[in-house]
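A.B. asks: following is a predicted model, sequence given first.
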Amino acid sequence: MGYGEEIDRAVAAHGQWKKRLLSAVTLGVSEFSVAQVQADNRCDFGKWFYGLPATLRETEQGKAIQSLHASFHIEAARILDLALKGRAEEAKKALEPGSPYTHLSGQLTMALTRWKSTIES
């Protein structure tokens, strides 16, 4: 699978997190732990990204994506923690438009899309 396909999969997979987090808010449970979500190297994209040659990861774009991806996971884990602790209203608010979560999600998607155009094989 080429770089472009991996990046497309990453965009789609990270887009699913809002649904997973909303489900956790509603149900108060998740199949994922906060620690699992917080780690940016445990999702498929993270495993793929950290396995890339340093020449790709250590470019300006690669470093920006690494930072955004890690921040996305930290924020998603924070929201999951709220949901699992029964703080549903706070968790729901953290998923609303304009929140750090939606901002990071949008920035990550845009950065991945730009990066895809430069590394597609």
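C.D. replies: Cool, got the structure.
A.B. asks: from here on, contacts and neighbour counts on C-alpha atoms
C.D. replies: Will do.
A.B. asks: close enough to count as contact, residue 46 and residue 38?
C.D. replies: No. In this structure residue 46 lies outside contact range of residue 38 using CA atoms under 8 Å: 11.4 Å.
A.B. asks: more crowded one of those two?
C.D. replies: Under the neighbour definition other CA atoms under 10 Å, residue 46 and residue 38 were set side by side, and residue 38 has more, 20 against 17.
A.B. asks: pull the residues that contact stretch 86-105.
C.D. replies: In this structure, residues lying in contact with stretch 86-105 by CA atoms under 8 Å, 6 or more residues apart in numbering are 14-15, 18, 22, 25-26, 28, 68, 71-72, 75-76, 79-80, 82-83.
A.B. asks: buried ones in stretch 71-90?
C.D. replies: Residues of stretch 71-90 classed as buried by neighbour count (16 or more other CA atoms under 10 Å): 71-84, 86, 88.
A.B. asks: quick one on the thing from earlier: in helices only, show me the contacts of stretch 86-105.
C.D. replies: 14-15, 18, 22, 25-26, 68, 71-72, 75-76, 79-80, 82-83 (DSSP state H).
A.B. asks: any weak-confidence spans in the protein?
C.D. replies: 1, 120-121 (pLDDT under 70).
A.B. asks: for it, just list every one of the helices.
C.D. replies: Counting by DSSP H, the helices of the chain are 3-15, 17-27, 34-38, 44-50, 54-57, 60-84, 88-93, 100-119.
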